[in-house]
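Q: How does the following fold in three dimensions:
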Amino acid sequence: MPSINFYLKDPNSSKETRIYLQTLYAGKKCKYTTELRVLPAEWNFKKQRIKETNRSRNFKLNSRLHEIESNASDCYNNLIGSGIPFTPVNFRTALHNSLHQSKKIEFFEFFENHIKNQKELAKSTITDYNQTFSTLKLFEKERKYRVLFSSITLDFYDKLKAFILEKQGYSINTFGKRIKVLKTIMRASKDRGLHNNTDYEKRDFKVLSKSYKRPYLQLEEINLIYNCELSEKHDKYRNMFVLLCTLGIRISDLPQINKGNITKINDTHSLSIKMQKTNKQVNIPIPPIAMQIIEKYNYELPKVSEQILNKEIKNICKIAELDREFKNEKGKFKLHDIVTSHDGRRSFATNCYLKGLPASQIMEITGHKTESSFLRYIQETRTPQAPEIFKVFESIELKN
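A: Numbering: from 1, shown residues only. Model prediction:
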């Protein structure tokens, strides 16, 4: 039988506080917050029950605690025996469903609870979840289409696509993001037995995306940016962009650059951070140009927003006369008219790749999981040089 205990959220409170349940599985704590409240003064910490100072009321509350404990034990054992992964989220969901069987949980309620329980996900992923939730709520209101587990069909898919692309004016990639999250929610809710709808698994219920070729700055262009004459205002944005170009990080990771995250071994500095978007721990060698910028600000970089940096880097590229023509599926552009802050990270990856660094080593810094996604990201090819190929076979003797 599992060990199941009850605790008070605030045992020192002078007011009523929430009672929560806790059990352990594989060394991990699984908590479930009940709807019950009690004054700490009326709580028997040893017996984990309410003292019988008010017999009628407290008898009912203790009966409810016993019911919750019994259901929790059943859910615990059922999860272990079912083959479903035993996680705190799955345990909470199973217990909640068990205690509220008379109330049918529908799509939005599950979606909202699911977001609250995803504390281990990256901030950007939670943002995608929240944006998808808001989009679907707005879609339901404006299109008068009730969004339920059972109503998420191929017809719904077509209507949502038209709403996002035509009504909201967003791109096919934004629609793809919404469908990706939606499929995750439908899969998670189906695993918990809340519905039997499988339309989201059909071939035509797909995550759409469209890739556009993006620019990168060549090394000589980064050099022009770094050495051109700028005002003090532009200098700050220039330096932050050069850091993106030479460290391969996102603008969201700039605040992590500080003395505590930088180590020096011999003459080499290294930056160790956990990327905000992916939660991946990376160690990045710091080139002298980047170290010079970091030391200029005494390891405390100025705060810059992505929106303003995107605007200012275009102005800086104009001043540096970066007017190279760039062409993609949308047309022809001058480099200084299309470059954004994220192109700094792409420039790092592309320049390292074209200089011969193995893709696997660059991916350890950029955080790409597969080489195919990395190669799509840089959108450049590298032709093996003859000396490199010849060196492979130099040990084979030629015939006279």
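
Q: Quickly list the domain ranges of the chain.
A: The record's domain split for the chain, according to automatic domain parsing, is 4-99, 107-201, 219-378.

Q: now the helices for the stretch 151-300 of the chain?
A: 154-162, 172-191, 219-227, 232-247, 288-296 (DSSP state H, counting those that start in this stretch).

Q: export the domains of the chain to CSV and tack on mean neighbour count and mean pLDDT?
A: Glycine gets a C-beta too; all of them are placed from N, C-alpha and C. What follows is these, written out as CSV (neighbours: other CB atoms under 10 Å; pLDDT from 0 to 100):
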stretch, mean neighbour count, mean pLDDT
domain 4-99, 15, 89
domain 107-201, 16, 92
domain 219-378, 16, 92
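
Q: got a markdown table for the ones you listed, with distance to Leu398 too?
A: Putting the domains of the chain into a markdown table (distance: least, CB to CB, whole Å) gives the following:
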| stretch | distance to Leu398 |
| --- | --- |
| domain 4-99 | 60 |
| domain 107-201 | 54 |
| domain 219-378 | 27 |
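
Q: Relative to Ile389, which of those domains is closest?
A: With CB to CB, the closest approach to Ile389 among the domains of the chain belongs to domain 219-378: 13.1 Å.

Q: Span of the closest one from start to end?
A: End-to-end span of domain 219-378 (CA to CA, to the nearest Å): 15 Å.

Q: chain center to it: distance?
A: Averaging C-alpha positions (CA atoms, centre = their mean, to the nearest Å) puts domain 219-378 20 Å from its chain's average.

Q: got it, and stretch 187-204?
A: Using CA atoms, centre = their mean, the offset of stretch 187-204 from its chain centre is 23 Å.

Q: pull the longest strand from this protein.
A: Looking across the chain with DSSP state E, the single longest strand is strand 28-38.

Q: Sheet-wise, list the partners of that one with their directions.
A: Strand 28-38 sits in its sheet next to strand 17-25 (antiparallel), going by DSSP bridges.

Q: how far is the strand it pairs with from where the chain is centred?
A: 28 Å.

Q: Please list the outside residues in contact with that strand.
A: Residues outside strand 17-25 that contact it (CB atoms under 8 Å, 6 or more residues apart in numbering): 2-11, 29-34, 36-40, 65, 68-69, 72, 76, 86, 91, 95.

Q: If we use 7 Å, what do you get?
A: 2-10, 29-34, 36-38, 40, 68, 72, 76, 86 (CB atoms under 7 Å, 6 or more residues apart in numbering).

Q: mind checking which of the helices of the stretch 151-300 of the chain is nearest Lys327?
A: Comparing those by CB to CB, helix 219-227 comes nearest, at 16.5 Å.

Q: between that closest one and helix 288-296, how many degrees?
A: 20 degrees (axes from the mean of the first three to the mean of the last three CA atoms, to 10 degrees).

Q: Show me what helix 219-227 is packed against.
A: The contact analysis (3 or more CB pairs under 7 Å, 6 or more residues apart in numbering; DSSP states H and E) places helix 219-227 against helix 232-247.

Q: what angle sits between the helix it packs on and helix 288-296?
A: 130 degrees.

Q: circling back to that earlier point, strand partners of the helix or strand just after the longest strand of the chain, parallel vs antiparallel please.
A: Once strand 28-38 ends, the next helix or strand along the chain (criterion: DSSP states H and E) is strand 43-44. Strands adjacent to strand 43-44 in the sheet, as given by DSSP bridges, are strand 49-50 (antiparallel).

Q: returning to what we had before: need the CA coordinates for the longest strand of the chain. PDB is fine.
A: Coordinates of each C-alpha in strand 28-38 appear next as PDB, following Å, rounded to 0.1, in the frame of the first residue of the first chain:
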ATOM      1  CA  LYS A  28       9.600  11.900  -6.400                       C
ATOM      2  CA  LYS A  29       7.000  13.800  -4.400                       C
ATOM      3  CA  CYS A  30       3.500  13.700  -5.900                       C
ATOM      4  CA  LYS A  31       1.200  16.400  -4.500                       C
ATOM      5  CA  TYR A  32      -2.600  16.900  -4.900                       C
ATOM      6  CA  THR A  33      -4.300  20.000  -3.400                       C
ATOM      7  CA  THR A  34      -7.700  19.200  -2.100                       C
ATOM      8  CA  GLU A  35     -10.700  21.600  -1.900                       C
ATOM      9  CA  LEU A  36     -10.700  21.300   1.900                       C
ATOM     10  CA  ARG A  37      -9.600  24.000   4.300                       C
ATOM     11  CA  VAL A  38      -9.000  24.000   8.100                       C
END
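
Q: got a list of contacts for it?
A: Counting by CB under 7 Å, 6+ apart, 16-23, 50, 61, 64-65, 68, 72, 88, 91-92, 95 sit against strand 28-38.

Q: what about that strand, distance to the chain center?
A: Distance, centroid of strand 28-38 to centroid of chain: 27 Å (CA atoms, centre = their mean).

Q: Which strands or helices does the helix ranked longest in the chain pack on?
A: The residue-count maximum for a helix in the chain (DSSP state H) belongs to helix 55-82. Under the contact definition 3+ CB pairs under 7 Å, 6+ apart, helix 55-82 sits against strand 4-8, strand 17-25, strand 28-38, strand 49-50, helix 88-99.

Q: That helix to helix 88-99, inter-axis angle?
A: Using the same axes, to 10 degrees, the direction of helix 55-82 lies 130 degrees away from that of helix 88-99.

Q: End to end on stretch 134-151, go ahead and measure it.
A: The first-to-last residue distance of stretch 134-151 comes to 18 Å (CA to CA).
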